[in-house]
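here is my input; please provide its structure:
(one chain, ligands or ions: 4)
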Amino acid sequence: RVKQEGGNGYRFFTPEMNTLTAGRLEMESGLRRALEREEFVVYYQPKVDLENGVIIGAEALLRWKHPDRGLVSPGEFIPILEETGQIEQVGEWVLKTVCTQIRSWQDAAMPSLNVAVNLSGRQLQRNNLCTTIARILEETGLDPRFLELEVTESMLMHDPKYAVDMLMQIRAKGVVHIDVDDFGTGYSSLSYLKRFPIDALKLDKSFVDGLPHDEDDIAICQAVIALAHSLKLRVIAEGVESDDQLAFLRNNGCDVIQGYIVSRPLPADAFAQLVWERHQNPLWFAEKFHPRM
Ligand code: C2E
Ligand code: MG
Ligand code: MG
Ligand code: MG
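Ligands and ions are numbered 1, 2, ... in the order given. Here you go, the predicted model:
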């Protein structure tokens, strides 16, 4: 309700604020029960090697199956999980779910796949992250080479010395694939970049969007690819949607792509199905690989 302060006309609460708060509180309480009600689900989006068109892995992307609202996207609820601290528990659930899933694909003799899990800043800041990852690998019996981790630039630069140390510890457990997500949107110190034990830079969608026409985006994409390669890192382009973008990235030496042009993020079974189909038909990408120029 609107509350009027007598005299000076100040309004402490507006109806809009009330709805916002109510909606937010409802989200929070819904999220608090979501784990036990098994409302979280992991989707998988393929990553394709531009050298040969092979699906080499996936990025694991969290979804919330809300009982009334349907699938809720992580942009809406991850920030809340971060604020309430619940991200630690949910993040652990994602890691466990993904490691279990990779194992079961391996048991089903699927082609070899790496799956990347997004870490949140709060998870990285917990000094037991390394122990948690090691325990999950142990429990699921997964070879750590198949688990990939994504951390953002800003997470690394928040406390670079600590991040170097933490990632070194994780790497020592055999998790050797660590990617810098949303690269170019934050601020990275180049001197630190070479000290982080990282494996790949993910070229942010916001730069891929302008390809192949926007001159600034062209310059940025080429610079990031050159930078990565000179540091012996791979480049993964995200948000690739069109044949033109794909051709540009391939012609400019990008290593891996991810985006709607290959597939949207899919439930585990649909993803597995896609991997089988593409595996049996390796020429599916040829048309895109040799664009008419
Ligand atoms: P991100 O890690 O940068 O993930 C890429 C996002 O781009 C995903 O959005 C994906 O669906 C979207 N995307 C991929 N290809 C295309 C494309 O061709 N076109 C368009 N328009 N979009 C594309 P999503 O799934 O909504 O995830 C958003 C963000 O939420 C992620 O960004 C990541 O930062 C965060 N997130 C997702 N899952 C998790 C998780 O398990 N843990 C944490 N901490 N964060 C997560
Ligand atoms: Mg990511
Ligand atoms: Mg990203
Ligand atoms: Mg992004």
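
low-confidence ranges, the chain, go.
The model of the chain has pLDDT under 70 over residues 1-20, 287-293.

mind listing the strands for it?
Ranges of strands in the chain, per DSSP state E, are 3-4, 11-13, 40-49, 55-66, 70-72, 114-118, 147-152, 177-183, 200-203, 234-237, 256-257, 266-267.

would you mind listing the buried residues in the fifth one?
What that stands for is strand 70-72. V72 (16 or more other C-beta atoms under 10 Å). C-beta coordinates here come from the backbone N, C-alpha and C atoms, glycine included.

for the third one, same thing?
By neighbour count, with 16+ other C-beta under 10 Å as the criterion, the buried positions of strand 40-49 are 40, 42-48.

okay, which residue is most central for this structure?
Central residue of the chain (C-alpha atoms, centre = their mean): N118, 4.4 Å from the mean position.

wait, doesn't it sit right on E150?
Yes - between N118 and E150 there is a contact under C-beta atoms under 8 Å: 4.8 Å.

which neighbours do the two have in common?
Residues touching both N118 and E150 by C-beta atoms under 8 Å, 6 or more residues apart in numbering: 59, 181.

what about the closest residue to A116 other than its chain neighbours, neighbour count?
Spatially, and ignoring its direct neighbours in sequence, A116 is nearest to E148 (3.8 Å; C-beta to C-beta, 6 or more residues apart in numbering). For E148, the neighbour count with other C-beta atoms under 10 Å is 24.

cool, and I236?
For I236, using other C-beta under 10 Å, the count is 28.

name all residues that make contact with the nearest residue to it once chain neighbours are set aside.
Excluding the flanking residues, the one nearest I236 by C-beta to C-beta, 6+ apart is V256, at 4.3 Å. By C-beta under 8 Å, 6+ apart, the contact list for V256 reads 47-50, 56, 200, 234-237.

between those residues, which is nearest L266?
Distance to L266 across those (C-beta to C-beta) is lowest for K47, with 12.8 Å.

pretty sure G141 sits against R103.
Yes - using C-beta under 8 Å, G141 is in contact with R103, at 6.3 Å.

between those two, which has more neighbouring residues?
The residue with more neighbours, out of G141 and R103, is R103; 15 against 10, by other C-beta under 10 Å.

verify the stated contact: the more buried one with L137.
No - under the criterion of C-beta under 8 Å, R103 is not in contact with L137, lying 10.1 Å apart.

quick one: stretch 147-164 near ligand 3?
No - using C-beta under 5 Å from the ion, stretch 147-164 stays clear of ligand 3, coming no nearer than 6.9 Å.

stretch 106-116 now?
No - interface with ligand 3: stretch 106-116 contributes nothing (C-beta under 5 Å from the ion), its closest point being 9.8 Å away.

got a list of contacts for that stretch?
Here stretch 106-116 has contacts from 44, 47, 54-60, 98, 101-102, 105, 145-150, 177, 179, 272, 275-276, 279, using C-beta under 8 Å, 6+ apart.

the closest residue to R126 other than its chain neighbours and ligand 3, how far apart?
Closest residue to R126 in three dimensions, ignoring its sequence neighbours and counting by C-beta to C-beta, 6+ apart: E88, at 6.3 Å. Distance, E88 to ligand 3, by C-beta to the ion, to the nearest Å: 21 Å.

also E76?
16 Å.

and for that residue, the neighbour number?
E76: 12 neighbours (other C-beta under 10 Å).

the one 5 residues further on too?
For L81, the tally of surrounding residues (other C-beta under 10 Å) stands at 24.

what's near enough to touch it?
By C-beta under 8 Å, 6+ apart, the neighbours of L81 are 31, 87, 90, 120.

let's see that with 10 Å instead.
Applying C-beta atoms under 10 Å, 6 or more residues apart in numbering, we find L81 in contact with 27-28, 31-32, 34, 62, 64, 74, 87-91, 120, 122.

equivalent analysis for L149, please.
Residues in contact with L149, defined by C-beta under 10 Å, 6+ apart, are 95, 116-119, 123-124, 129, 133, 167, 170-171, 175-179, 181, 198-199.

could you flag which of the contacts of stretch 106-116 are buried?
Counted by 16+ other C-beta under 10 Å, the contacts of stretch 106-116 give 44, 47, 54-60, 98, 101-102, 105, 146-150, 177, 179, 272, 275 as buried.

need the residues of the stretch 151-293 of the chain near ligand 3, please.
Within the stretch 151-293 of the chain, the residues that sit near ligand 3 (C-beta under 5 Å from the ion) are 181-182, 238.
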